[in-house]
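S.K.: kindly return the folded structure for what I paste below:
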Amino acid sequence: MSFSLIVSLALFVAILLFIFAQQQKQNTLSRLVLLGLLMGSAFGLGLQLVFIESRDVVGQSLEWIGIVGNGYIALLKMVIMPLVLISMISAVVKLDKIGSLGKISSLTIFVLLLTTTISALVGIFAAAVFDLSAQGLIEGARETAQLTVLDTRAANIQELSIPQMLVSFIPTNPFADLTGARSTSIIAVVIFGVLVGIAARKVMTETTELESPIRTFVEAAQSIVMRLVKMIMVLTPYGVAALMTKVMATSSATDVLSLLSFILASYFAIGIMFIVHGVLVSLVGVNPREYFNKILPVLTFAFTSRSSAATIPLNVDAQIRKLDVPPAIANLSASFGATIGQNGCAGIYPAMLAVMVAPSVGIDPLSVSFIVPLVAMIAISSFGIAGVGGGATFAALIVLPAMGLPVTIVALLISIEPLIDMARTALNVSGAMTSGTITSRLLTSSQPQQNSTVQKA
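M.R.: Okay, here's the model as predicted:
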């Protein structure tokens, strides 16, 4: 271990100790997460500048620092499936009227698809405003290497029809889905949890002496899982610091500058959608400023981790504790939002790429005959997009071939993908939380007689 490596790691440990000291002073999670983001960014940039001629030192440093960042993400992934399964079972068991679950699910998915449709239109608008085009993009070595992989993935995805995609949601092997084996595993686990919950309710009705044990078991299991989530959340500032260190230390200024227009257009579209989310929650009586202040730690982690799925535990916890969303709605919106209607990855990104590449095959990207089917395809294909890094690529590989467009553009943008994907993921999570908030407010206001029931859930 070289002296430079020891120094860099010592500095990172000092950052972690400083965050720990601030945590002992009872600072809010929002402040601690922001502190981790800023210190990690500064340290990562410093690594890149100081060791610009010694990339091995940077690589070795990030390998050790990755223990903190990757370890934190691994802990969150560990608790995702147990949280989703137990929460779904609990939601059904605790609902006094099973019909409420159908209303919650339907309204949640409707809001997710509505915001995805809006985000697709915003993506088209942003691409037009910035006059984005696929012409002039230069294929580097990394991009060229991606083309073969993307062509293969595109061929496999095109073979999957919409009916087949819907059938894939059914958990034929729930134990395999609990391992996250498929891109639709989360939805499959949600369905399995709901079915187990319904079965438990029927047993409670048919055998009254089992009602109390079942309720006690479900309550105990959920309490244990939620306590585990809270234990992991304490580590968020440290995970964010490590993740941002890697992002800043590995970002290429050349790549960023060469594709600056696309980056700016993407962040422009993402910014508009955050405003749209604020407007939507304001329509149901929620103050947008207070709303975003409360969910900032969750969005910050989503930004650094680039994983909607890994953010589910934080998403659920924030909705329940800070936004007063009933657990049943919070769990459904967070789980569905990780794989359905991702505003950034499944909405904005494929829409922008389609507009950029359409002229290359003689299509007017701003014609109604192109926009309407494009938006419809984006909304439909948003079902089952994996809520992990690379989900946007998967979405683009579904939409572009379906519209008769080449997928080469996806590989040409691979160098700046992480930089944009961070903001897209934060938008995905915001969309899920917006859906939960709106669903909660609408059901509470339209069905006051069920309010106490939903709150207990």
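S.K.: please export the C-alpha coordinates of stretch 207-219 as CSV.
M.R.: Extracted as CSV, the C-alpha positions of stretch 207-219 are listed here (Å, rounded to 0.1, in the frame of the first residue of the first chain):
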residue,chain,number,x,y,z
THR,A,207,-61.3,-19.6,11.5
THR,A,208,-61.9,-16.8,14.0
GLU,A,209,-59.5,-18.2,16.6
LEU,A,210,-56.6,-17.7,14.2
GLU,A,211,-57.4,-14.0,13.6
SER,A,212,-55.5,-12.7,16.6
PRO,A,213,-52.3,-14.9,16.0
ILE,A,214,-52.2,-13.8,12.4
ARG,A,215,-52.5,-10.2,13.2
THR,A,216,-49.9,-10.4,15.9
PHE,A,217,-47.5,-12.3,13.6
VAL,A,218,-47.9,-9.8,10.8
GLU,A,219,-47.5,-6.8,13.2
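S.K.: strands of the chain, start to end?
M.R.: Secondary structure of the chain (DSSP state E): no strands located.
S.K.: which other helices and strands contact the lengthiest helix in the chain?
M.R.: The longest helix of the chain (DSSP state H) is helix 55-94. Helices and strands touching helix 55-94, by 3 or more C-beta pairs under 8 Å, 6 or more residues apart in numbering; DSSP states H and E, are helix 3-24, helix 29-50, helix 185-206, helix 211-233, helix 236-250, helix 312-321, helix 327-337. In short, each C-beta sits where N, CA and C put it, glycine included.
S.K.: got JSON lines for those, with distance to residue 177, mean neighbour count and mean pLDDT too?
M.R.: JSON lines is the format used below for those (distance: least, C-beta to C-beta, whole Å; neighbours: other C-beta atoms under 10 Å; pLDDT from 0 to 100):
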{"stretch": "helix 3-24", "distance to residue 177": "35", "mean neighbour count": "15", "mean pLDDT": "91"}
{"stretch": "helix 29-50", "distance to residue 177": "31", "mean neighbour count": "19", "mean pLDDT": "85"}
{"stretch": "helix 185-206", "distance to residue 177": "4", "mean neighbour count": "19", "mean pLDDT": "86"}
{"stretch": "helix 211-233", "distance to residue 177": "17", "mean neighbour count": "15", "mean pLDDT": "87"}
{"stretch": "helix 236-250", "distance to residue 177": "26", "mean neighbour count": "25", "mean pLDDT": "85"}
{"stretch": "helix 312-321", "distance to residue 177": "15", "mean neighbour count": "24", "mean pLDDT": "90"}
{"stretch": "helix 327-337", "distance to residue 177": "12", "mean neighbour count": "28", "mean pLDDT": "85"}
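S.K.: closest one to residue 300 among these?
M.R.: Nearest of the helices and strands packed on helix 55-94 to residue 300, taken as C-beta to C-beta: helix 29-50 at 4.7 Å.
S.K.: could you tell me how far that closest one lies from the centre of the chain?
M.R.: Here helix 29-50 is found 22 Å from its chain centre; the criterion is C-alpha atoms, centre = their mean, to the nearest Å.
S.K.: quick one: contacts of it?
M.R.: Residues outside helix 29-50 that contact it (C-beta atoms under 8 Å, 6 or more residues apart in numbering): 8, 11-12, 15, 18-19, 22-23, 27, 57-58, 61-62, 233, 236-251, 293, 296-297, 300-301, 303-304.
S.K.: give me that answer again for 6 Å
M.R.: 15, 19, 23, 58, 236-237, 240-241, 244-245, 248-249, 296-297, 300 (C-beta atoms under 6 Å, 6 or more residues apart in numbering).
S.K.: now for these: which two are most distant?
M.R.: Pairwise distances across the contacts of helix 29-50 (C-beta to C-beta) peak at 29.7 Å, for the pair 58 and 296.
S.K.: more neighbours, those two?
M.R.: Neighbours were counted for residue 58 and for residue 296 using other C-beta atoms under 10 Å; residue 58 has more, 21 against 18.
S.K.: would you confirm that that one contacts residue 51?
M.R.: Yes: assessed by C-beta atoms under 6 Å, residue 58 is found in contact with residue 51 at 5.0 Å.
S.K.: you'd agree residue 127 is up against residue 353?
M.R.: No: Residue 127 lies out of contact with residue 353 (C-beta under 6 Å); the separation is 8.4 Å.
S.K.: quick one on the thing from earlier: same list, the helices and strands packed on helix 55-94, but as TSV with distance to residue 88 please.
M.R.: As requested, the helices and strands packed on helix 55-94 are exported to TSV (distance: least, C-beta to C-beta, whole Å):
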stretch	distance to residue 88
helix 3-24	32
helix 29-50	26
helix 185-206	3
helix 211-233	10
helix 236-250	24
helix 312-321	11
helix 327-337	6
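S.K.: to residue 100, which of these lies closest?
M.R.: With C-beta to C-beta as the measure, helix 327-337 is the member of these nearest residue 100 (7.8 Å).
S.K.: what's the closest one packed up against?
M.R.: If you count contacts as 3 or more C-beta pairs under 6 Å, 6 or more residues apart in numbering; DSSP states H and E, helix 327-337 packs onto helix 55-94, helix 99-129, helix 312-321, helix 417-446.
S.K.: what do you get if the cut-off is 10 Å, keeping everything else the same?
M.R.: helix 55-94, helix 99-129, helix 185-206, helix 211-233, helix 312-321, helix 417-446, helix 451-456 (3 or more C-beta pairs under 10 Å, 6 or more residues apart in numbering; DSSP states H and E).
S.K.: burial check on residue 344, number of neighbours?
M.R.: Based on other C-beta under 10 Å, the number of other residues close to residue 344 is 31.
S.K.: and it, what does it touch?
M.R.: 116, 119, 123, 266, 269-270, 273, 302, 308, 391-392, 395, 420-431 (C-beta atoms under 10 Å, 6 or more residues apart in numbering).
S.K.: same check, this time on residue 293
M.R.: Counted by C-beta under 10 Å, 6+ apart, residue 293 has contacts 30, 287, 322.
S.K.: of all the residues you listed, which comes closest to residue 187?
M.R.: Using C-beta to C-beta, residue 322 is the member of the contacts of residue 293 that lies nearest residue 187, at 25.6 Å.
S.K.: mind checking how far that closest one is from residue 441?
M.R.: 15 Å (C-beta to C-beta, to the nearest Å).
S.K.: follow-up on the earlier one: do you know which of the helices and strands packed on helix 327-337 lies nearest residue 336?
M.R.: It's helix 99-129; of those, that one is closest to residue 336 (C-beta to C-beta) at 5.7 Å.
S.K.: same for the closest one, what does it pack against?
M.R.: Checking 3+ C-beta pairs under 10 Å, 6+ apart, helix 99-129 ends up next to helix 55-94, helix 185-206, helix 260-282, helix 327-337, helix 349-357, helix 368-381, helix 417-446, helix 451-456.
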